[in-house]
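S.K.: can you look at this prediction? I've put the sequence above it.
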Amino acid sequence: MDHLRIIPVTNDELVLSVSAMADEIWHEHYDKLVGQEQVDYMLEKFLSPDALTRQIAEEDYEYFLISYDYTFAGFSGIREKDGSLFLSKLYIHEDFCKKHISSEMMRKFIELCKLRNLDKIWLTVNKRNFRSIDVYKHFGFETVREECTDIGAGYVMDDYIMELKLN
(Lines give C-alpha, C1' and ligand atoms only; values in the text may rest on other atoms or scores of the structure.)
Protein backbone atom coordinates (compact mmCIF):
# COMPACT_ATOMS: atom_id res chain seq x y z
CA MET A 1 0.00 0.00 0.00
CA ASP A 2 1.92 3.02 -1.32
CA HIS A 3 -0.02 5.59 0.68
CA LEU A 4 0.70 3.97 4.05
CA ARG A 5 3.67 4.59 6.34
CA ILE A 6 4.19 3.02 9.75
CA ILE A 7 6.26 5.20 12.04
CA PRO A 8 7.77 3.75 15.23
CA VAL A 9 7.11 6.01 18.21
CA THR A 10 10.62 6.76 19.43
CA ASN A 11 10.54 10.29 20.85
CA ASP A 12 8.45 12.68 22.93
CA GLU A 13 7.00 14.46 19.90
CA LEU A 14 5.63 11.21 18.48
CA VAL A 15 4.30 10.21 21.91
CA LEU A 16 2.39 13.51 22.01
CA SER A 17 1.00 12.79 18.54
CA VAL A 18 -0.27 9.36 19.64
CA SER A 19 -1.87 10.84 22.75
CA ALA A 20 -3.58 13.62 20.79
CA MET A 21 -4.84 11.17 18.17
CA ALA A 22 -6.10 8.82 20.90
CA ASP A 23 -8.06 11.66 22.49
CA GLU A 24 -9.85 12.41 19.22
CA ILE A 25 -10.47 8.80 18.14
CA TRP A 26 -11.57 7.55 21.55
CA HIS A 27 -14.08 10.34 22.11
CA GLU A 28 -15.38 9.83 18.58
CA HIS A 29 -15.82 6.10 19.11
CA TYR A 30 -16.16 5.27 22.81
CA ASP A 31 -18.20 8.13 24.30
CA LYS A 32 -21.37 6.40 23.06
CA LEU A 33 -20.20 2.97 24.33
CA VAL A 34 -18.94 3.75 27.83
CA GLY A 35 -19.57 7.48 28.36
CA GLN A 36 -17.34 10.54 28.20
CA GLU A 37 -16.26 10.37 31.86
CA GLN A 38 -14.92 6.83 31.53
CA VAL A 39 -13.23 7.73 28.24
CA ASP A 40 -11.50 10.71 29.87
CA TYR A 41 -10.38 8.49 32.76
CA MET A 42 -9.06 5.76 30.44
CA LEU A 43 -7.26 8.25 28.20
CA GLU A 44 -5.43 9.67 31.20
CA LYS A 45 -4.66 6.22 32.63
CA PHE A 46 -3.59 4.47 29.42
CA LEU A 47 -2.90 6.99 26.65
CA SER A 48 -1.62 10.18 28.26
CA PRO A 49 1.96 11.12 27.28
CA ASP A 50 3.19 9.95 30.71
CA ALA A 51 1.34 6.62 30.42
CA LEU A 52 2.63 5.99 26.90
CA THR A 53 6.21 6.88 27.86
CA ARG A 54 6.04 4.52 30.85
CA GLN A 55 4.61 1.67 28.75
CA ILE A 56 7.37 2.05 26.16
CA ALA A 57 10.22 2.44 28.68
CA GLU A 58 9.14 0.02 31.41
CA GLU A 59 6.60 -2.43 29.98
CA ASP A 60 8.12 -3.28 26.56
CA TYR A 61 5.25 -1.82 24.53
CA GLU A 62 5.92 -0.74 20.96
CA TYR A 63 3.78 2.05 19.54
CA PHE A 64 3.37 3.06 15.91
CA LEU A 65 1.77 6.03 14.23
CA ILE A 66 0.05 5.20 10.98
CA SER A 67 0.33 7.78 8.23
CA TYR A 68 -1.81 7.75 5.11
CA ASP A 69 -0.95 10.25 2.36
CA TYR A 70 1.23 12.16 4.87
CA THR A 71 -1.59 12.56 7.40
CA PHE A 72 -1.75 10.70 10.69
CA ALA A 73 -4.57 8.22 10.22
CA GLY A 74 -4.25 6.08 13.35
CA PHE A 75 -1.95 4.32 15.76
CA SER A 76 -1.24 0.92 17.22
CA GLY A 77 0.41 -0.54 20.27
CA ILE A 78 1.77 -4.05 20.66
CA ARG A 79 3.67 -6.11 23.21
CA GLU A 80 5.21 -9.56 23.10
CA LYS A 81 3.98 -11.77 25.90
CA ASP A 82 4.36 -15.52 26.49
CA GLY A 83 5.27 -16.37 22.90
CA SER A 84 2.43 -14.34 21.43
CA LEU A 85 1.73 -10.79 20.29
CA PHE A 86 -0.69 -8.75 22.36
CA LEU A 87 -2.40 -6.26 20.06
CA SER A 88 -3.14 -3.69 22.72
CA LYS A 89 -4.31 -0.95 20.40
CA LEU A 90 -5.25 -0.53 16.77
CA TYR A 91 -7.23 2.63 16.16
CA ILE A 92 -7.96 4.22 12.81
CA HIS A 93 -9.48 7.68 12.55
CA GLU A 94 -12.99 7.60 11.12
CA ASP A 95 -11.87 9.69 8.10
CA PHE A 96 -9.63 6.80 7.03
CA CYS A 97 -11.79 3.77 7.83
CA LYS A 98 -12.50 2.80 4.21
CA LYS A 99 -8.82 2.79 3.18
CA HIS A 100 -8.10 -0.85 4.24
CA ILE A 101 -5.52 0.33 6.77
CA SER A 102 -6.59 -2.24 9.37
CA SER A 103 -6.08 -5.04 6.83
CA GLU A 104 -2.60 -3.81 6.00
CA MET A 105 -1.71 -3.44 9.67
CA MET A 106 -2.92 -6.98 10.36
CA ARG A 107 -0.69 -8.25 7.54
CA LYS A 108 2.24 -6.39 9.14
CA PHE A 109 1.49 -7.88 12.57
CA ILE A 110 1.36 -11.39 11.11
CA GLU A 111 4.71 -10.79 9.35
CA LEU A 112 6.16 -9.54 12.62
CA CYS A 113 4.93 -12.66 14.43
CA LYS A 114 6.62 -14.87 11.85
CA LEU A 115 9.91 -12.95 12.23
CA ARG A 116 9.75 -13.23 16.01
CA ASN A 117 8.48 -16.85 16.09
CA LEU A 118 5.23 -15.92 17.85
CA ASP A 119 2.33 -18.35 17.59
CA LYS A 120 -0.69 -16.08 17.92
CA ILE A 121 -2.04 -12.55 18.11
CA TRP A 122 -4.51 -11.78 20.87
CA LEU A 123 -6.46 -8.72 21.93
CA THR A 124 -9.20 -7.41 24.15
CA VAL A 125 -12.28 -5.74 22.69
CA ASN A 126 -15.27 -4.13 24.40
CA LYS A 127 -18.25 -6.50 24.22
CA ARG A 128 -20.42 -3.75 22.75
CA ASN A 129 -17.88 -2.69 20.12
CA PHE A 130 -19.70 -4.67 17.43
CA ARG A 131 -17.98 -3.03 14.46
CA SER A 132 -14.49 -3.90 15.73
CA ILE A 133 -15.57 -7.41 16.72
CA ASP A 134 -16.83 -7.97 13.17
CA VAL A 135 -13.53 -6.68 11.73
CA TYR A 136 -11.50 -9.00 13.95
CA LYS A 137 -13.71 -11.97 13.03
CA HIS A 138 -13.17 -11.09 9.37
CA PHE A 139 -9.41 -11.39 9.99
CA GLY A 140 -9.93 -14.84 11.52
CA PHE A 141 -9.91 -13.98 15.23
CA GLU A 142 -12.04 -16.13 17.53
CA THR A 143 -13.44 -15.25 20.93
CA VAL A 144 -11.73 -17.43 23.54
CA ARG A 145 -13.11 -15.95 26.76
CA GLU A 146 -14.69 -12.97 28.48
CA GLU A 147 -12.98 -10.70 30.99
CA CYS A 148 -14.23 -7.92 33.23
CA THR A 149 -11.32 -5.85 34.58
CA ASP A 150 -11.56 -3.25 37.32
CA ILE A 151 -9.53 -0.25 36.12
CA GLY A 152 -10.19 1.96 39.13
CA ALA A 153 -12.45 4.92 39.94
CA GLY A 154 -15.50 2.64 39.74
CA TYR A 155 -14.90 1.75 36.07
CA VAL A 156 -14.48 -1.65 34.44
CA MET A 157 -13.48 -2.89 31.02
CA ASP A 158 -16.01 -5.54 29.98
CA ASP A 159 -14.22 -7.30 27.14
CA TYR A 160 -13.93 -10.33 24.95
CA ILE A 161 -10.48 -11.84 24.56
CA MET A 162 -9.97 -12.76 20.91
CA GLU A 163 -7.14 -14.76 19.32
CA LEU A 164 -5.76 -15.36 15.88
CA LYS A 165 -3.68 -18.56 15.86
CA LEU A 166 -0.83 -18.55 13.37
CA ASN A 167 0.65 -21.60 11.61
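M.R.: In hand now; what should we look at?
S.K.: can you give me the helices in this protein?
M.R.: Along the chain, counting by DSSP state H, helices occupy 12-34, 36-47, 49-58, 101-115, 130-138.
S.K.: could I get the ones you listed as TSV with mean pLDDT, mean neighbour count and distance to residue 164?
M.R.: Any C-beta I mention is one placed from the backbone N, CA and C, and that applies to glycine too. Output for the helices of the chain, formatted as TSV (pLDDT from 0 to 100; neighbours: other C-beta atoms under 10 Å; distance: least, C-beta to C-beta, whole Å):
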stretch	mean pLDDT	mean neighbour count	distance to residue 164
helix 12-34	95	17	22
helix 36-47	97	17	23
helix 49-58	98	15	22
helix 101-115	96	16	8
helix 130-138	94	14	8
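S.K.: can I get those helices in JSON lines with distance to residue 160?
M.R.: What follows is the helices of the chain, written out as JSON lines (distance: least, C-beta to C-beta, whole Å):
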{"stretch": "helix 12-34", "distance to residue 160": "14"}
{"stretch": "helix 36-47", "distance to residue 160": "17"}
{"stretch": "helix 49-58", "distance to residue 160": "22"}
{"stretch": "helix 101-115", "distance to residue 160": "17"}
{"stretch": "helix 130-138", "distance to residue 160": "7"}
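S.K.: so which of these is nearest residue 6?
M.R.: Of all those, helix 101-115 sits nearest to residue 6, with 6.6 Å by C-beta to C-beta.
S.K.: before we move on, the earlier item: and residue 166, which of the helices of the chain is closest to it?
M.R.: Per C-beta to C-beta, nearest to residue 166 of the helices of the chain: helix 101-115, 5.5 Å.
S.K.: for residue 47, which non-adjacent residue is closest in space?
M.R.: Leaving aside its chain neighbours, residue 47 sits nearest to residue 22 (4.0 Å; criterion: C-beta to C-beta, 6 or more residues apart in numbering).
S.K.: how close does that neighbour get to residue 146?
M.R.: As judged by C-beta to C-beta, to the nearest Å, residue 22 and residue 146 stand 25 Å apart.
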